[in-house]
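Engineer: any chance you could fold what I've pasted below:
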Amino acid sequence: ASVSDALLQPLKAYTSGTVTRQGGAARYATAATISAWTYAPGVPVVYIASGKGFADALAGAPAAGMQNSPLLLVPNTFIPAVVIAELSRLQPARIIVLGGPASGSDAVMAQLEALTP
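Structural biologist: Numbers count the residues shown, from 1 in each chain. Predicted coordinates:
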């Protein structure tokens, strides 16, 4: 786990509610799980960033947050099934890929095009 169970207990002191762990088998599943937990289908936009580095996701997260839009992670060369499933559930009007070709290959771009109306 990225955040140990030992760290969860002290976090409870900072809230009057509960502390909940949202995660997945890998970073791609974690992003999809958080999206599913937070967003209903029919979002206007979904942001996609490479899960191989943090710069694009870090730069795009404020924009996604300001638009109440999810940010999903993908490897640079394909889209994992868990992310395809979440995009299918979300049914976004558009998808914005953060970063250049090194962040999202032509294959990723083609797969994403096929997932938008």
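
Engineer: same question for stretch 26-37, mean pLDDT?
Structural biologist: Stretch 26-37 shows a mean pLDDT of 94.

Engineer: what residues of that stretch count as buried?
Structural biologist: 27, 28, 29, 30, 31, 32, 33, 34, 35, 36 (16 or more other Cβ atoms under 10 Å). In short, each C-beta sits where N, CA and C put it, glycine included.

Engineer: ditto for stretch 40-56
Structural biologist: Buried residues in stretch 40-56, counted by 16+ other Cβ under 10 Å: 43, 45, 46, 47, 48, 49, 50, 51, 56.

Engineer: repeat that for stretch 94-112.
Structural biologist: Neighbour counts over stretch 94-112 (16+ other Cβ under 10 Å) mark 95, 96, 97, 98, 99, 103, 104, 105, 108, 111, 112 as buried.

Engineer: of all those, which comes closest to residue 3?
Structural biologist: Closest to residue 3 out of these is residue 98 (24.2 Å), distances taken as Cβ to Cβ.

Engineer: hmm, residue 49 and that closest one touching each other?
Structural biologist: Yes: in terms of Cβ atoms under 8 Å, residue 98 counts as a neighbour of residue 49; the distance is 4.4 Å.

Engineer: shared neighbours, those two?
Structural biologist: 56, 57, 60 (Cβ atoms under 8 Å, 6 or more residues apart in numbering).

Engineer: strands of the protein, residue ranges please.
Structural biologist: Here the chain has its strands, by DSSP state E, at 45-50, 71-74, 94-97.

Engineer: which one of the buried residues of stretch 94-112 is nearest to residue 13?
Structural biologist: For the buried residues of stretch 94-112, the nearest to residue 13 is residue 98 (35.0 Å; Cβ to Cβ).

Engineer: now do the contacts for the closest one.
Structural biologist: Counted by Cβ under 8 Å, 6+ apart, residue 98 has contacts 47, 48, 49, 50, 56, 57, 59, 60.
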